[in-house]
Structures are given as structure tokens and as C-alpha cells.
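Visitor: Dropping the sequence and predicted coords here.
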Amino acid sequence: MSSDYNNPAFKKLLQRLQEESWQLELIISGFAIFGLFTAVEPINDAANLAQSKQQLEWTIILSIGVVSCAILIFNLLLHVVLRGLWIGTLGLRYVSGDIDYDSLNYSEKFTKYLKKKVGSFDKYVATLEDYCSVIFAISFLLIFYVLALVFTILSIVLIITKLIENDSLPETLRLIVGISLIVFLVVGMIFTFIDFITQGWLKKKKWISKIYFPVYWVFSFITLSFLYRPLVYNFLDNKFGKRLSFVLLPVYFAILILTSFEYKPSNYFESVDYSSETSASRMSYLDLLDENEHVDEFAIPSKVITTPYLNVFMELTDNIEDDIFNFKPELKPENDTRGLRSNMINVDDIDWSTLKAQKKSYLQTLNQVYSIRIDSIDYNAEFILSESKQKDIGFETFVGIKGLSEGKHLLKVIRKRIKEEDTVKHSVCRIPFWYFKD
């Protein structure tokens, strides 16, 4: 079919499809809006969870999903409203035909003004049709723009993490090559953004276009623009598409600003984001978490403890494992398998006896690094691998608190760290609780 695009029959088919596309647009918009409203909250929750667990890859992927859902929901809702208005105008035109200004019996001044400003009813119908079609198409184009921005930023991050900070390469080489690539990408981002805002001004100037072409070629792969370039240029060669693009961008910024407003009840307190001596976040208490919520690194069963023991749960995160490696470097494997990986591919030969010994050493080191303190008293605690009610993998321990006085107390998780060949201790978690004997 692609080889027959110049065939008159194919062009006739396209013309017929264009005329009937509004039906498909409404069907797709309806299903998409329903699916997006259903999906946006779970995706947002998953993004927050990935952020709390310091899972950078998942945080980026899920955040893109949230932004894309928001863009599509707004555009598709606008499309459905305008398309509904368009259908209403068609029905009205069937009943009433075009506007008969003479039958309105207005004064000559108003009649001339309305004919000039309002014009034909058919023109109004055609304008609505144009708006609906362009908004529907631009909805998906905007997703590609979001991906383009993210992939460009990821390219810079990868150069920094995989090249500049790669100790296996000569320092001079990685600095020269890495910094050169970053400068090229930053300058390229600026050029590409200017060309985007000016709708191709850099491509129009003969001498500038020669300089810009290599940047354009490289960024066409980084931003995946080769996938949607025909759609972009089809917008740019149409004055209506250009005008609508300029209108929608300020609207998006206005919505972004409006959604940032929130009511502040106090000059000093806004929300309880973490637990401390003077605050108690619900994320630190297992009984306050919903089924779909997850532990924020450390948690205890409840604000009020009535048992003679206290259960402390510590979620397994990248930071905790880094602390273990910092304290005992020989535990760090040559091939770090953490991060976003497929479990369908496993090329490593596992020595199970060695792995068992390493796990035992890992837990021993964990209990050397982390300890429990309540108020100013240190407690003997042995963390073991466990799973929370919300299925978070981590470590837990139990400490006896029979001798505590009734009332408020402060749990502290203390971490040892080797710094400049000295071992230092500091608190990484503070959770208040109230103890009352049952």
C-alpha cells in the first residue's frame, strides 16, 4: 500500500477516511479518557514509591507516564467538548440552515458588523472541524515532545555516570571526551529549542543551517524525531496549525501555574513529610498504611505500643546496600546487578555456596552498621531478612521495652560509617511513639 500513495484510488480512499475520521476520533478519545483516568492514579503512586526507594530508572519512566497521561487527558477532554459542539452545530444547521441576518431585523450598523465578525455559519462549522482534528493530532505529538526532552536529559546523565565517573577509563580521556559531549549536547539543546520556538528559523538561514545541520541530525536520533517528523512539518506548513500551537503552549503553562496553587493553613507547618522528635508521619507506622502504600525506609507497628517489645522494620534500598559496601568493600560484587533489569536474562554463573556465605556476611555487616536506640539507651538488636504486610522486602528486629516508662519516647536508628578511616555514628531515622502497658 505504501508504494501506491500516488495512486488516485488511494488518494480517494484517504479523502473518504478524512471525512469520516471524526467517528474514530470520538471512539478513541472516549476509551482513552476512561483508561487514562483509571491509570493515572496507580502510575502516580508507583512513581512516588519508586522515588522513595531511590529507584531512579523507574522514577523517570513512571514520571513520564504521569505527565503523558495529564497531557492526553486535557487534550482529549478538550477534543470531546469541541467535537460535541461541532456535532451540535451540524444538527442545528440541518434544522435552521445558514444564519439569515436580514431576518434578525437588526440595524444596518449591527448587521454589517455581525456579517463581518460572525460570518457564515458554515465557516463556523468548518473552523470547529479544524480545531477538533488538529487538537486530536497534536495530543499525541506532545507526548513525543515530552519523550524528546527526557531522552536528551538522560543522554547527559549517562555521559556523566558512564563516562566521566567511570574509574576504569583514564581520567584525562574521560574528562576531555565527556565534557566535550556534554557541551555539544547543551549547545544542541539550545539550538534545537530555538529552532522549535521559531518554527524552523535556523533552517531558513543559509550559513546558520550548515552549522545547525549536524546538530539536527544527531538530535533527530536522540529525540526520536524521525518517528514523528512528518506530523511536525505537516503542522508547520499550515497557518492554522501554527496559530493553534502558539495558543496551546500558553494554555499549558497557565494550567501548570494554576494547579500549583494550594491553601496554606499556617506560616510554619504545611505537611508531615517525615518523622522526627516533633513530627509523626503516617508513613512510619505500619497500621496507618493503606494496602497500596509502602514503607518509607523505616517503620514501627503503631504510634501507641502496648506490648513489652517493639518491632522495627527497615526497607531494603540502594542506600542501605551502599552503606554495607562502604563499611565492608569486599562484599561489593564486580558486576553490580542492581537497577532496572530483565529477569528473563541471567548470564551469571552462580556459586550457591559462596552466595550463601556472602548473604551471611551481609547480614552480619548490616547488624554492625545499624543499631537501635530509644531515647538515649542503646538496645541489642539483630536484623533478619523479612517482608512487610505491604510486601516490601527489608529487615526487621524486635527489642524488649518492658522497662520503659509510660508516655512518649523516641526511636532512633543509628548508622555507623567509615569516614576518613574513622568510624562515626549518626541517626538516620527518628520515629516518636507512646508506650502504655497493656
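Guide: Everything's here; your move. Everything numeric here is computed off the predicted structure, so don't read it as measured data.

Visitor: Walk me through the domains of this structure.
Guide: Domain ranges of the chain: 12-259, 282-336+349-435, per automatic domain parsing.

Visitor: Report the rounded mean pLDDT for the longest one.
Guide: Across domain 12-259, pLDDT averages out at 79.

Visitor: Would you reformat the domains of the chain as JSON lines and include distance to Ser266 and mean neighbour count?
Guide: In this view, the C-beta of every residue, glycine as well, is placed from N, C-alpha and C. Formatted as JSON lines, the domains of the chain follow (distance: least, Cβ to Cβ, whole Å; neighbours: other Cβ atoms under 10 Å):
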{"stretch": "domain 12-259", "distance to Ser266": "22", "mean neighbour count": "14"}
{"stretch": "domain 282-336+349-435", "distance to Ser266": "19", "mean neighbour count": "15"}
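
Visitor: would you list those in TSV and tack on distance to Ser275?
Guide: Below are the domains of the chain laid out as TSV (distance: least, Cβ to Cβ, whole Å):
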stretch	distance to Ser275
domain 12-259	14
domain 282-336+349-435	4
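
Visitor: List just the one of those domains that sits closest to Tyr268.
Guide: domain 282-336+349-435 (18.5 Å; Cβ to Cβ).

Visitor: Could I get the average pLDDT for the closest one?
Guide: Domain 282-336+349-435 comes out at a mean pLDDT of 85.

Visitor: about what we covered before: how about the domains of the chain, which one is nearest Pro265?
Guide: domain 282-336+349-435 (17.8 Å).

Visitor: and Val413, what element?
Guide: Val413 is located in strand 407-419, with elements delineated by DSSP states H and E.

Visitor: neighbouring strands for that strand, and are they parallel or not?
Guide: strand 370-374 (antiparallel), strand 422-435 (antiparallel) (DSSP bridges).

Visitor: The ones you listed: which one's closest to Met189?
Guide: strand 422-435 (37.4 Å).

Visitor: chain center to that closest one, what's the gap?
Guide: Relative to its chain's centre, strand 422-435 lies at 32 Å (Cα atoms, centre = their mean, to the nearest Å).

Visitor: about what we covered before: tell me which of the domains of the chain lies nearest to Tyr274.
Guide: Nearest to Tyr274, of all the domains of the chain, is domain 282-336+349-435, at 7.6 Å by Cβ to Cβ.

Visitor: what ranges do the helices span in the chain?
Guide: Secondary structure of the chain by DSSP state H: the helices cover 8-52, 56-96, 101-104, 108-117, 121-159, 171-197, 201-204, 206-222, 229-236, 239-259, 318-327, 352-369.

Visitor: Could you dump those into TSV with distance to Val304 added?
Guide: Below are the helices of the chain laid out as TSV (distance: least, Cβ to Cβ, whole Å):
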stretch	distance to Val304
helix 8-52	25
helix 56-96	34
helix 101-104	75
helix 108-117	70
helix 121-159	44
helix 171-197	53
helix 201-204	65
helix 206-222	54
helix 229-236	59
helix 239-259	37
helix 318-327	28
helix 352-369	28
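
Visitor: State the distance from the spatially closest residue to Gln358 that is not a sequence neighbour to Phe298.
Guide: Counting by Cβ to Cβ, 6 or more residues apart in numbering, Leu331 is the residue found nearest to Gln358 once chain neighbours are left out, at 6.6 Å. Per Cβ to Cβ, to the nearest Å, Leu331 is found 22 Å from Phe298.

Visitor: Next: Ser386.
Guide: Ser386 is 13 Å from Phe298, where distance means Cβ to Cβ.

Visitor: shared neighbours of the two, which are they?
Guide: Shared contacts of Ser386 and Phe298 (Cβ atoms under 8 Å, 6 or more residues apart in numbering): Phe313.

Visitor: Which residues does stretch 354-365 contact?
Guide: 324, 327-328, 331, 383-385, 395.

Visitor: residues touching Glu321, list them.
Guide: Per Cβ under 8 Å, 6+ apart, neighbours of Glu321: Arg338.

Visitor: What distance do you get for it to Asp336?
Guide: With distances taken as Cβ to Cβ, Glu321 is found 9 Å from Asp336.

Visitor: Could you check how far stretch 181-193 is from the centre of its chain?
Guide: Offset of stretch 181-193 from its chain centre (Cα atoms, centre = their mean): 23 Å.

Visitor: what do you get for stretch 65-78?
Guide: Taking Cα atoms, centre = their mean, one finds stretch 65-78 lying 13 Å from the centre of the chain it belongs to.

Visitor: now swap in stretch 204-215 and tell me
Guide: Put simply, stretch 204-215 sits 34 Å off its chain's centre (Cα atoms, centre = their mean).

Visitor: how about the CA coordinates for it, as CSV?
Guide: Provided in CSV are the C-alpha atoms of stretch 204-215 (Å, rounded to 0.1, in the frame of the first residue of the first chain):
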residue,chain,number,x,y,z
LYS,A,204,15.9,29.1,6.7
LYS,A,205,19.3,30.9,7.1
LYS,A,206,21.8,29.5,4.6
TRP,A,207,25.0,29.8,6.7
ILE,A,208,23.4,29.0,10.0
SER,A,209,21.6,26.0,8.5
LYS,A,210,25.1,24.5,7.6
ILE,A,211,26.2,24.7,11.2
TYR,A,212,22.9,23.5,12.6
PHE,A,213,22.5,20.5,10.3
PRO,A,214,24.9,18.2,12.2
VAL,A,215,23.1,19.1,15.5
